[in-house]
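mind folding the following:
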Amino acid sequence: MPSLTAAQTQRFIPGLVSQPDSVALLWATRAEAALAAWCGVPRRAEGQPITFSQVSYTVRTHRGEALAYVRAYGELELPLGPIVSVTSVTDNGTALVEDTDYEVDALSRRLYRLNYPQSGWTPDFGAIKVVYVAGYADLEVETPTLYEILGEYTQHVYERQGRQGKQSAGLGGASESYREETIPEHLRAALDAGGYLLPRGRRRLAAARQAAGVPQPPSSTPGAS
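Numbering: from 1, shown residues only. Just a heads-up that it's a prediction; the model follows:
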């Protein structure tokens, strides 16, 4: 399910009120997948939509699309947040226990090793594997800024149907995607200012601004997504 409910989507797009809820949810899913991908949120599994909602991710250190980084010997940064729960952590094949071997800082997306510096995270490529749930249960309540950005972008996508930027069409089940340039600059700036861009999203934003000759403002520290 997308982060926006059918009723919330219809609030942003009044023209969908007379349509079945499934139509509103389809537009919401497509818009969210495009926006979340642009932010740098990875696909959790093949065939699954990219989302800001709470889902399970499997990440390894410095490997693949979803990366975890050893920022310091005792500090591991996960790519997606906020952290809801940690299912499992292995370091060099050794299973670790929450609150015994490490503690979780949900908002900063970090796991801190306990008993540091006697024990720390192994910095080797792919040595650490983390399975965890991250994302938002209710955007409107937990992060109103992202809720408004996603709602406005969903409306933007809907209003652009059949116009420039649409790559494939069909509400009857066909996939649909939108080029990056259809994301308005003010929404890109709001995502950046709110800290919703992951490293891939920040690089994409910088490249797009450079190509357009837009001045590069200081980027905020990520932490909201």
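
chain neighbours aside, what residue packs nearest to residue 87?
What sits nearest to residue 87 in space, not counting adjacent residues and going by Cβ to Cβ, 6 or more residues apart in numbering, is residue 131, at 4.1 Å. Backbone N, C-alpha and C define where each C-beta goes, glycine included.

try residue 142
residue 136 (4.9 Å).

correct me, but that neighbour touches residue 52?
Yes - using Cβ atoms under 8 Å, residue 136 makes contact with residue 52 at a distance of 5.7 Å.

which neighbours do those two share?
The contact sets of residue 136 and residue 52 overlap at 3, 146 (Cβ atoms under 8 Å, 6 or more residues apart in numbering).

tell me what the worst-scoring helix or strand of the chain on mean pLDDT is packed against?
Confidence across the helices and strands of the chain bottoms out at strand 67-72, with a mean of 80, counting by mean pLDDT, DSSP states H and E. Other helices and strands packing on strand 67-72, by 3 or more Cβ pairs under 8 Å, 6 or more residues apart in numbering; DSSP states H and E, are strand 55-61, strand 75-77, strand 128-134.

which strand is the longest one in the chain?
Using DSSP state E, we find that the single longest strand of the chain is strand 83-91.

flag every buried residue along that strand.
Within strand 83-91, the residues that count as buried by 16 or more other Cβ atoms under 10 Å are 83-84, 86, 89, 91.

now, the most widely separated pair of those residues?
Taking Cβ to Cβ as the measure, those span a maximum distance of 21.2 Å, between 84 and 91.

which elements pack onto the longest helix seen in the chain?
The residue-count maximum for a helix in the chain (DSSP state H) belongs to helix 21-39. Based on contacts counted as 3+ Cβ pairs under 8 Å, 6+ apart, the elements that helix 21-39 packs against are helix 6-12, helix 144-159, helix 199-212.

which residues touch the shortest one?
Counting by Cβ under 8 Å, 6+ apart, helix 6-12 makes contact with 2, 4, 16-17, 21-22, 24-25, 27-28, 140, 147, 151-152, 154-155, all of which sit outside it.

now with 6 Å, please.
16-17, 21, 24-25, 28, 151, 154-155 (Cβ atoms under 6 Å, 6 or more residues apart in numbering).

tell me the two of the residues you listed that are most distant?
Within the contacts of helix 6-12, two members stand farthest from each other by Cβ to Cβ: 21 and 155, at 16.9 Å.

tell me the domain ranges of this structure?
Under the assignment automatic domain parsing, the domains of the chain span 6-51+144-212, 55-134.

how long is the first one end to end?
Yep, that's domain 6-51+144-212 we're talking about. Using Cα to Cα, to the nearest Å, one end of domain 6-51+144-212 lies 35 Å from the other.

what of the last one?
Domain 55-134 has an end-to-end distance of 6 Å (criterion: Cα to Cα).

off-centre distance for that domain?
Here domain 55-134 is found 18 Å from its chain centre; the criterion is Cα atoms, centre = their mean, to the nearest Å.

now swap in stretch 124-138 and tell me
Computed by Cα atoms, centre = their mean, the chain-centroid distance of stretch 124-138 equals 12 Å.

just the residues contacting that stretch, thanks.
52-56, 58-63, 68, 80-81, 83-92, 142.
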